[in-house]
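> my questions are about this predicted structure, shown below with the sequence.
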Amino acid sequence: MSKCGTKIQHDASYEKNRAASLDILAKLNEYIEKAHLGGGYEAASRQKKRGKMLPRERIASLIDANSQFMEVGSLAANNMYAEHGGAPSAGIVTGIGKIHGREVVIVANDSTVKAGAYFPMTIKKNLRAQEIAIQNRLPIVYLVDSAGVFLPMQSEIFPDKDDFGRIFYNNAVLSSMGVPQIAAVMGPCVAGGAYLPIMSDESIIVEGTGSVFLAGPYLVKAAIGEDTDTESLGGAETHSSISGITDYKVKSDEEALDLIRGLISKLGAPAKAGFDRIASSGPKFDQKEIYGIIPEERSKPYDMYELLGRTIDASDFDEYKATYGKSIICGYARVDGWAVGIIANQRTIVKSKQPDGSSEMQIGGVIYSQSADKAARFIMNCNQKRIPLVFLQDVTGFMVGTRAERGGIIKDGAKMVNAVANSTVPKITFIIGNSFGAGNYAMCGKAYDPRLIFALPSSRIAVMGGEQASQTLLSIRVQQMERGGKKISAEEQKSLLDEITKRYNEEMDPLYAAARLWVDEIIDPAKIRETISLAISIADNNPEIGRFNVGVLQT
């Protein structure tokens, strides 16, 4: 074991970085608090008057006292659907919580947001929750309170592969896998959405507020001329005593939640993957110092070993190929007792030996051939040993230029990407800073199926850096305009560049990524350690780790 991290000076640069980190974290928390308000105080008050709990109140009552709920997608749909009045948190709350000590995925509609109607991002968020349940073999609880599809956007919600119908497809898949599903109908459950609780293993309905039907009273009248009401058509009494569709009838939200807890408590003990864990020991250095380590300016270098020293147990690190391919750090460590394999981009400028014996200064955050080769081999080792992988991204991409191309950067990059794609042990990804281009892919971005993926408030996600992208887009725009016979002055070019840069920077922001579920959540930098531990605990519920095979791999 080698020690990772050092005692750092709290100098002016550190304090500046710390202040910037805390400021952006405070702004993030404001966005989250606003999202948690859902449809606002008036809508919440109406729900309370009907004797209904709010979605996060339901979840808080459902999970174990003093336990943590890992929310997924709290900022989904942030600043989207403005023309429809917005959809905070996409009108649905999803995440993982413990019920009688057992990790469970929870999906709760928020009827304060457009009566819980499904927007496109609501679908995506629901599917992501089911994907987490499938990947980790976690029981899933649905707290249903939804008016169904948001009709003004039906063409973007209904017909495609990953649209509304995929939810019920996943119900069937989860059932076939033996993953328990329990649904509580706590409000409307309309049209295609009526299949969700009925395709679950067991369903509960709340008297007076819960209802399930394929067509509501107005549609029934229009379709077949029959006059009916909600309760007669699909209320608790109808489905508990006549149709037999629901399994349990309860008088209140509270009773439904107690019943769910009781049902979960009686589930058989799950098989485990058996990832190695010993007694936890804290890092040698304060986790909150990460605030001052990550630079305010994303282009500035910093030492990733310092972040590791504030994340891993006892700051002990078994580094793999420590003097080779230094722009990526690989090694074994423990986090809260869990054994992990860490792959992290090094952001300092490092000196690395070349095949001809010469030494070359390498730019931090760039993946070179040696680094990619090392990482690919390390991933193979972790799969061989059944050790979960943690990726810490701060990458600007692969090295370019004549020397890199002749040295086979594409081949070595492909080896790393291949190893990441075919890895069967759980992968957990954190976007610490930059996440640009193919570097995002090689370091297990969203497209490479991490079990969970998180970003820090200071992160940036894009095909390339903002300055390079803006200049490229400006050149294209100017050429197009000049081909049309228009001459562009220097002032007009500057105005265009400012407009392009502003838009591009907005799209690089982690809030933009979180709104579209490119990341599962934006987290506090001081909570990287506890998030890793929670993520591996969740992943440990799936005992099936397939055989690692990279297929055709050039050497």
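Okay, I see it.
> buried ones in stretch 328-348?
328-336, 338-348 (16 or more other CB atoms under 10 Å). Every residue, glycine included, has its C-beta placed from N, CA and C.
> err, stretch 56-69, not the other one
Neighbour-count burial for stretch 56-69 flags 56-59, 61-63, 69 (criterion: 16+ other CB under 10 Å).
> go on, stretch 284-296?
By 16+ other CB under 10 Å, the buried positions in stretch 284-296 come out as 284-285, 287, 289-296.
> one more: stretch 520-535?
Neighbour-count burial for stretch 520-535 [16+ other CB under 10 Å]: 520-526, 528-535.
> nearest to residue 163 among the residues you listed?
Closest to residue 163 out of the buried residues of stretch 520-535 is residue 520 (20.6 Å), distances taken as CB to CB.
> strands of the stretch 51-200 of the chain, residue ranges please.
70-72, 92-99, 102-109, 140-146, 181-190 (DSSP state E, counting those that start in this stretch).
> which one of those strands is the most hemmed in?
strand 140-146 (a mean of 28; mean count of other CB atoms under 10 Å).
> could you list every helix and strand that it packs against?
helix 55-62, strand 102-109, helix 120-136, strand 181-190, helix 195-198 (3 or more CB pairs under 8 Å, 6 or more residues apart in numbering; DSSP states H and E).
> hmm, back to that, in JSON lines, list the buried residues of stretch 284-296 along with pLDDT and distance to residue 165.
Formatted as JSON lines, the buried residues of stretch 284-296 follow (pLDDT from 0 to 100; distance: CB to CB, whole Å):
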{"residue": "284", "pLDDT": "96", "distance to residue 165": "52"}
{"residue": "285", "pLDDT": "97", "distance to residue 165": "50"}
{"residue": "287", "pLDDT": "97", "distance to residue 165": "44"}
{"residue": "289", "pLDDT": "98", "distance to residue 165": "49"}
{"residue": "290", "pLDDT": "98", "distance to residue 165": "43"}
{"residue": "291", "pLDDT": "98", "distance to residue 165": "45"}
{"residue": "292", "pLDDT": "97", "distance to residue 165": "49"}
{"residue": "293", "pLDDT": "97", "distance to residue 165": "46"}
{"residue": "294", "pLDDT": "95", "distance to residue 165": "42"}
{"residue": "295", "pLDDT": "94", "distance to residue 165": "46"}
{"residue": "296", "pLDDT": "91", "distance to residue 165": "46"}
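> ok, so of those residues, who is nearest residue 541?
Lowest distance from residue 541 to these (CB to CB) belongs to residue 287, with 26.2 Å.
> and the strands in the stretch 451-555 of the chain?
Secondary structure of the stretch 451-555 of the chain by DSSP E, counting those that start in this stretch: the strands cover 452-455, 460-462, 521-522.
> just the residues contacting the last one, thanks.
Going back to what we said before, that points to strand 521-522. With CB atoms under 8 Å, 6 or more residues apart in numbering as the test, strand 521-522 has contacts from 28, 70-75, 454-457, 459, 510-511, 514.
> could you redo the last one with a cut-off of 7 Å?
Defining contact as CB atoms under 7 Å, 6 or more residues apart in numbering, one finds that strand 521-522 is touched by 28, 71-72, 74-75, 454-455, 457, 510, 514.
> now swap in stretch 316-334 and tell me
1-4, 278, 304, 308, 312-313, 339-346, 350, 352, 362, 364, 366-368, 370-371, 373-375, 378.
> circling back: let's have the helices and strands packed on strand 140-146 in CSV, adding mean pLDDT and distance to residue 266.
What follows is those, written out as CSV (pLDDT from 0 to 100; distance: least, CB to CB, whole Å):
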stretch, mean pLDDT, distance to residue 266
helix 55-62, 98, 16
strand 102-109, 98, 11
helix 120-136, 97, 19
strand 181-190, 94, 11
helix 195-198, 89, 20
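> for these, give me a markdown table that also has distance to residue 142.
Converted to a markdown table, the helices and strands packed on strand 140-146 look like this (distance: least, CB to CB, whole Å):
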| stretch | distance to residue 142 |
| --- | --- |
| helix 55-62 | 11 |
| strand 102-109 | 5 |
| helix 120-136 | 9 |
| strand 181-190 | 4 |
| helix 195-198 | 6 |
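> do you know which of these lies nearest residue 85?
helix 120-136 (14.1 Å).
> chain center to the closest one, what's the gap?
10 Å (CA atoms, centre = their mean, to the nearest Å).
> what helices and strands are in contact with that helix?
Using 3 or more CB pairs under 7 Å, 6 or more residues apart in numbering; DSSP states H and E, the elements in contact with helix 120-136 are strand 70-72, strand 92-99, strand 102-109, helix 165-176.
> ok, and what's touching the shortest one?
Surrounding strand 70-72, the residues in contact under the criterion CB under 7 Å, 6+ apart are 94-96, 128-129, 132, 520-521, 534.
> I'd say residue 540 and residue 270 touch.
No. In this structure, residue 540 is not within contact of residue 270 by CB atoms under 7 Å, at 9.3 Å.
> more neighbours: those two, which one.
With neighbours defined as other CB atoms under 10 Å, residue 540 and residue 270 compare such that residue 540 has more, 20 against 16.
> rewinding a little: of the buried residues of stretch 328-348, which belong to strands?
328-335, 338-345 (DSSP state E).
> which of these sits closest to residue 182?
Nearest to residue 182 out of these is residue 338 (CB to CB; 28.8 Å).
> how near is the closest one to residue 533?
For residue 338, the distance to residue 533 (CB to CB, to the nearest Å) stands at 6 Å.
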